[in-house]
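**Student:** based on what follows, work out the 3D shape:
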Amino acid sequence: MVKMGFGLAACAMLAACGGGGGGGGDRPATAVAAAPLDWRRVATEADRTRLRNWRVAWIEAMTKARAAGNGKAIDAQGPLFDPDHALDGAMPPPGDYRCRIFKLGARGTGAKDFTSYPFFGCRVEAEGDVSSFYKTEGSQRPVGLAFPDGQRAIFLGTMMLGDERNALEYGRDANRDMAGIVQRVGARRWRVALPYPRFESTLDVIEMLPAG
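**Tutor:** The predicted structure is shown next:
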């Protein structure tokens, strides 16, 4: 069981989100106390800035990726990489999913402008008025909460590493904090777009498909 805390001045929110150290996928126990629906009360100033500039990051990342000769790979994913394509039902229903990460727009030396990683297991759980999302396997495991926000949801979380069993409290380490936009882009297809992640890329896109 993995716990992640969101520290607020007058409002504590705890969510158990994730499986055991790197490969379990155990169903987590959950405790949510006075969770605010407004993600702006939870997000750090740095993450509010990242989310405010999501379109700038998207255009920059796509420009770099296409200029590097990845146009066919991008187009093959249909609406996944279209920033203006979003359907109703932004919050994925609870359940198991197949997820994969695309990294676009290299930042720093040695990174590529388009990288697609293999599918991995992830899960969504209902946590009252919000939802938890976590990767159930691997050495780098996003874990966090998705807050309803109109036709989209906002993901705020942290990155778990190695055999860690407890997620670092959101807002404690900017290098671990994650912020993204959750949208439905197909009948049973969702994405989490993470503008300006801390390392390697300008935009990360997590594709989510039901496991069953």
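**Student:** and the gap between Arg52 and Leu80?
**Tutor:** 22 Å (CB to CB, to the nearest Å). Every residue, glycine included, has its C-beta placed from N, CA and C.
**Student:** no no, Thr49
**Tutor:** 25 Å.
**Student:** go on, Arg191?
**Tutor:** 6 Å.
**Student:** overlap in contacts of those two?
**Tutor:** Val185, Val205, Glu207 (CB atoms under 8 Å, 6 or more residues apart in numbering).
**Student:** inside strands: which ones of those residues?
**Tutor:** Val185, Val205, Glu207 (DSSP state E).
**Student:** how about the residues you listed in CSV, adding pLDDT?
**Tutor:** Formatted as CSV, these follow (pLDDT from 0 to 100):
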residue, pLDDT
Val185, 97
Val205, 98
Glu207, 98
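**Student:** out of the residues you listed, who's nearest Val42?
**Tutor:** Val205 (22.4 Å; CB to CB).
**Student:** now the closest one. Nearest residue, chain neighbours left out?
**Tutor:** Nearest non-adjacent residue to Val205, counting by CB to CB, 6 or more residues apart in numbering: Phe102, 4.6 Å away.
**Student:** among the ones in strands among the shared contacts of Arg191 and Leu80, which one has the most neighbours?
**Tutor:** Val205 (23 neighbours; other CB atoms under 10 Å).
**Student:** partners of that one in the sheet?
**Tutor:** Phe102, Ala193 (DSSP bridges).
**Student:** again with the one 5 residues further on
**Tutor:** Following DSSP bridges, Pro210 is listed with bridge partners Tyr97.
**Student:** what sits against it?
**Tutor:** Gly95, Asp96, Tyr97, Arg98, Arg188.
**Student:** now the two most distant members of these.
**Tutor:** Most distant of these, by CB to CB, are Asp96 and Arg188, 12.8 Å apart.
**Student:** could you point out which element follows the helix or strand bottoming out on mean pLDDT in the chain?
**Tutor:** Within the chain, no helix or strand scores below strand 13-16, which has a mean of 36 by mean pLDDT, DSSP states H and E. Following strand 13-16 in sequence order, the next helix or strand is helix 45-52 (DSSP states H and E).
**Student:** identify the residues contacting that following helix?
**Tutor:** Arg40, Ala43, Ala57, Ile154, Leu156, Ala174, Asp177, Ala179, Gly180, Ile181, Pro195, Tyr196.
**Student:** okay, Arg191 and Leu80: which has more neighbours?
**Tutor:** Arg191 (27 against 18).
**Student:** which strand or helix spans the more buried one?
**Tutor:** Secondary structure (DSSP H and E) places Arg191 in strand 189-195.
**Student:** stretch 160-177: how far from the chain's middle?
**Tutor:** 14 Å (CA atoms, centre = their mean, to the nearest Å).
**Student:** start and end of it, how far apart?
**Tutor:** Stretch 160-177 has an end-to-end distance of 10 Å (criterion: CA to CA, to the nearest Å).
**Student:** now it: buried residues?
**Tutor:** Neighbour counts over stretch 160-177 (16 or more other CB atoms under 10 Å) mark Met160, Glu164, Ala167, Leu168, Glu169, Tyr170, Gly171, Arg176, Asp177 as buried.
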